[in-house]
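# got a sequence here, can you model it:
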Amino acid sequence: MRFTTLPFLLALVLAIGQMPTDIYQICAWGHGTEETEPWRTKLSTLPAVQQLVAIGVHVREWCAELTQVPLLASEIGALGNIKQLIQDEADHKKAIATLTREGRTLGAVEKPTAEQAARYNAVFAELTAAEDQLEATAAELVKARKFQEAERVATVVIETGVDHASEKAWGPTLHSDATAEMKDEARLAALGEFAIAVRNTMSGTGTDPRLFAAASGMGTAIPSDGGFAVPHEIAAGIERDMFASGELLSRVDARTISGDSIAYTVVDETSRASTRSGGVLGYWVDQGTAPTASQFKLARVELKLRKVGALGFMTDELVNDAAGLGGELEAMFNDELIFQVEDAITEGVGGGQPLGYLGAPCFISVAKETGQAAGTINVSNLSKMWARLPSRSKKNSVWVINTDCNPQLDLLSIPVGAGALEPRFVNYDNSGILTIKGRPVVETEFNATIGTLGDIVLADFSKYRLIRKGTGVEQASSIHVRFSQGEQTFRAFYRCDGQPMPRAAVTPFKGTTTQSPFVGLATRA
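This is a model prediction of the structure:
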């Protein structure tokens, strides 16, 4: 038992001992009742009873004085005072800078007035006092941090190799029959509880052993910025939401890897006219006749994990609300990481990021019609784009467009003599989703504006290979980056890479027009 609890326990025992045991004592001691029958006060007039009451009062006063003594280093700065000392230090530095500027301005006056001269002397005195205060505050801060570290060592013993997070999970405990909605709410609460634990640890108001997981790399302190990595079971929810809610991420061929890179062997196919799979040729043969041997051509595609990061800030008020904080953090990182990864899937240049389909060798650009006006889309454009998509990709395909394309799609028509017909293959289904050739139209921020290459694309995203790190989204938190603004900093990193798997557009078995899973419309300027 810690020494600091003894005075309180002793006071509790004395208080219980002094509690009245019947109505007569209550009336005699005047505890909220009217003394209507004096004969009941005889007990309180006994010398022994009066002496016992006096002793109890003195002991109670002594215990009250003990509670005011700083028994812990935390009460003289290690726990509740470090943040205030840091703020005082910053305030002193700001005051010194202000006084210095004012002193220089007054000192530059050639013929100062009496008021200016008096102010100049006052500024000098205030500057000296501020510097003394800064020096004293800095010394107190050094002491407070030393006491904080000593208390952490003395009061919290972190066993190495023990995953304390597994002893008690972050967030509320759920029953085995918990619904999916309850699990989502618990995950958000767990993320918020973790953030509050980080804030308390870094400000010195308490250390949660669960922040120090086993030597697996998750949950260990990051000394470079005073942060802690978010446990995998919490951060994994962000990645799941990314692939569930992302319009493109939910459609790509995503693979999880444990290392930093992976190499795939793919068929290097550019034509299906004479052979398939880059060189395989089949035969109809008579019985007992061997087919002619053929060899297919392979290529090696290597993907290496690239890192994308997001940084966000939360106020101290929101950090105090575990459930609200978890929801805000997840939404913040989910939206930004989806944006960054899907933008790279669309127009990434490769190298330090995924290769987007717009820059892939297999991407096909369909030419505009002769005399077509700038910034327009017509039915011939759509029909020719559809014809360039391989038949095997049609069932998985979607049209991705910039929202600027909507007016053009709504006004599409097929010229017939002096009139026009509404194209039957461009319409809205019962749920209000626009479809072209029966395939859904998806609006994104990543497609170019109307009239530019990439404003409308027909794509089969199952042919886009994305690799991701098995650890999911990696997060960390720190209170130091924006301390003066009263905000806690959170960051998230996600490691992935990707590119379209086809090496090039393919010439079909019949015909000479190449086909690809990624087809766009050329610029109409």
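# residue 139: neighbour count?
If you count neighbours by other CB atoms under 10 Å, residue 139 ends up with 11. (C-beta placed from N, C-alpha, C; glycine too.)
# mind checking what secondary structure it has?
helix (DSSP: H, G, I helix; E, B strand; the rest coil).
# likewise residue 489?
Under three-state DSSP, the three-state class of residue 489 is strand.
# same thing with residue 468?
Following three-state DSSP, we place residue 468 in the strand state.
# how about it, what does it touch?
Taking CB atoms under 8 Å, 6 or more residues apart in numbering as the criterion, residue 468 is in contact with 239, 254-257, 305, 494-496.
# pull out the buried positions in stretch 364-375.
Buried residues in stretch 364-375, counted by 16 or more other CB atoms under 10 Å: 364-366, 368, 375.
# rewinding a little: now a ChimeraX select for only the buried ones of the contacts of residue 468.
Selection of the buried residues among the contacts of residue 468 in ChimeraX, burial being defined by 16+ other CB under 10 Å:
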select :239,254,257,305,494,495,496
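# can you tell me which of the contacts of residue 468 is nearest residue 439?
Nearest to residue 439 among these is residue 254, at 21.2 Å by CB to CB.
# is it true that the closest one touches residue 243?
Yes. Counting by CB atoms under 8 Å, residue 254 touches residue 243, with 6.5 Å between them.
# so residue 261 sits against residue 305, correct?
Yes. Residue 261 sits in contact with residue 305 when judged by CB under 8 Å, with a separation of 6.5 Å.
# could you identify the most distant pair in the contacts of residue 468?
Using CB to CB, the two most remote members of the contacts of residue 468 are 255 and 494, lying 14.8 Å apart.
# circling back to that earlier point, can you flag which of the contacts of residue 468 belong to strands?
Counting by DSSP state E, the contacts of residue 468 place 254-257, 494-496 in strands.
# which residue ranges of the stretch 301-450 of the chain form strands?
306-315, 364-366, 398-401, 414-416, 419-421, 426-428, 434-436, 439-443 (DSSP state E, counting those that start in this stretch).
# could you pull out the helices in the stretch 51-200 of the chain for me?
Assigned by DSSP state H, counting those that start in this stretch, the helices in the stretch 51-200 of the chain fall at 82-107, 114-155, 164-167, 180-203.
# got the contact list for residue 263?
Counting by CB under 8 Å, 6+ apart, residue 263 touches 300-303.
# ranking these by neighbours, who comes first?
Ranked by neighbour count (other CB under 10 Å), the contacts of residue 263 have residue 303 at the top, with 20 neighbours.
# which non-adjacent residue is nearest that one?
Closest residue to residue 303 apart from its sequence neighbours, by CB to CB, 6 or more residues apart in numbering: residue 497 at 4.5 Å.
# that neighbour contacts residue 466, correct?
Yes. Using CB under 8 Å, residue 497 and residue 466 qualify as a contacting pair, with a distance of 7.4 Å.
# what is in contact with these two at once?
Counting by CB under 8 Å, 6+ apart, the residues touching both residue 497 and residue 466 are residue 354.
# who has more neighbours out of those two?
Using other CB under 10 Å as the criterion, residue 497 and residue 466 rank with residue 497 on top: 26 against 22.
# closest to residue 400 out of the helices of the stretch 51-200 of the chain?
Closest to residue 400 of the helices of the stretch 51-200 of the chain, according to CB to CB: helix 180-203, at 28.4 Å.
# show me what the closest one is packed up against.
Helices and strands touching helix 180-203, by 3 or more CB pairs under 8 Å, 6 or more residues apart in numbering; DSSP states H and E, are strand 227-229, helix 232-245, helix 316-319, helix 322-347, strand 474-478, strand 487-500.
# quick revisit: so which of the contacts of residue 263 belong to helices?
Judged by DSSP state H, helices contain none of the contacts of residue 263.
# pLDDT-wise, which helix or strand of the protein ranks last?
The helix or strand of the chain with the lowest confidence, counting by mean pLDDT, DSSP states H and E, is strand 221-222 at a mean of 38.
# quick one on the thing from earlier: any idea what the residue nearest to residue 303 is bridged to?
Beta bridges link residue 497 to residue 467 when assigned by DSSP bridges.
# now residue 439
Assigned bridge partners for residue 439, using DSSP bridges, are residue 436.
# for it, give me its contacts.
Residue 439 makes contacts with 394, 397-399, 458, as judged by CB under 8 Å, 6+ apart.
# now, of those residues, which are buried?
The buried subset of those (16+ other CB under 10 Å) comprises 397-399, 458.
# for stretch 110-120, buried residues please.
So, applying 16+ other CB under 10 Å, buried residues of stretch 110-120: 119-120.
# stretch 343-357 now?
Within stretch 343-357, the residues that qualify as buried are 343-348, 353-357, counting by 16+ other CB under 10 Å.
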